[in-house]
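[1] no sequence on this one, just coordinates:
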C-alpha cells in the first residue's frame, strides 16, 4: 500500500486486526522485493500464504456459524485466492524472480485485498454483527 492508501475497516475488530497483519506482511514483502532479497521474499511468501489460509478459514467459520447468505460466493473467492497464492509461491520457488512477484503484488495482490475488504468483507461483517 502506498502512504496515501488506507486499509478499509469492517464492523468486526478482529477482522481489521487480521487485515492489518496481512498488509504488514505484504509491505515487508515489497521491501524484500525492492532489495532483491530472494531468501526473505521466499520466507515472506510462505508467511503470507500461511497467514491468509488461517485468515480465510476463520472467516469461513464465522460465515458458517452466522448462516451468512452469501457464504458460498465469499468462500469460493477465498478458495480462488489461496490457489493463486499457492501458484505464486510455487512460481517463485522455481524462478526466484523478484520482479514478477512485485508486479503481482502491486497489480493484483494489494488491489484485490482492498477491494475484497471494501465489498465482500464489509457486507459480511455488517451482516454478522446484526444477527
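    Arrived safely, thanks for sending. Since the model is a prediction, treat every value here as computed from it, not as a measurement. Residues are numbered from 1 along each chain as shown.
[2] can you pull out the helices in this structure?
    Secondary structure of the chain by DSSP state H: the helices cover 13-34, 38-65, 71-95, 98-104, 110-116, 122-130.
[3] Nearest to residue 7, out of those helices?
    When the helices of the chain are compared by Cβ to Cβ, helix 13-34 sits nearest residue 7, at 5.6 Å. For the C-beta atoms, the positions are set from N, CA and C on the backbone; glycine is no exception.
[4] which secondary structure elements does the closest one contact?
    Judged by 3 or more Cβ pairs under 8 Å, 6 or more residues apart in numbering; DSSP states H and E, helix 13-34 is in contact with helix 38-65, helix 98-104, helix 110-116.
[5] Of these, which is nearest residue 23?
    Nearest of these to residue 23, taken as Cβ to Cβ: helix 110-116 at 7.2 Å.
[6] Off-centre distance for the closest one?
    Relative to its parent chain, helix 110-116 has a centroid offset of 8 Å by Cα atoms, centre = their mean, to the nearest Å.
[7] helices or strands next to it in the packing?
    Packed against helix 110-116 by the contact rule (3+ Cβ pairs under 8 Å, 6+ apart) you find helix 13-34, helix 71-95.
[8] Show me how far the longest one is from its chain's centre.
    The reference is to helix 71-95. Between the centre of helix 71-95 and the centre of its chain there are 10 Å (Cα atoms, centre = their mean).
[9] now the first one
    Once both centres are worked out by Cα atoms, centre = their mean, helix 13-34 turns out to sit 8 Å from its chain's centre.
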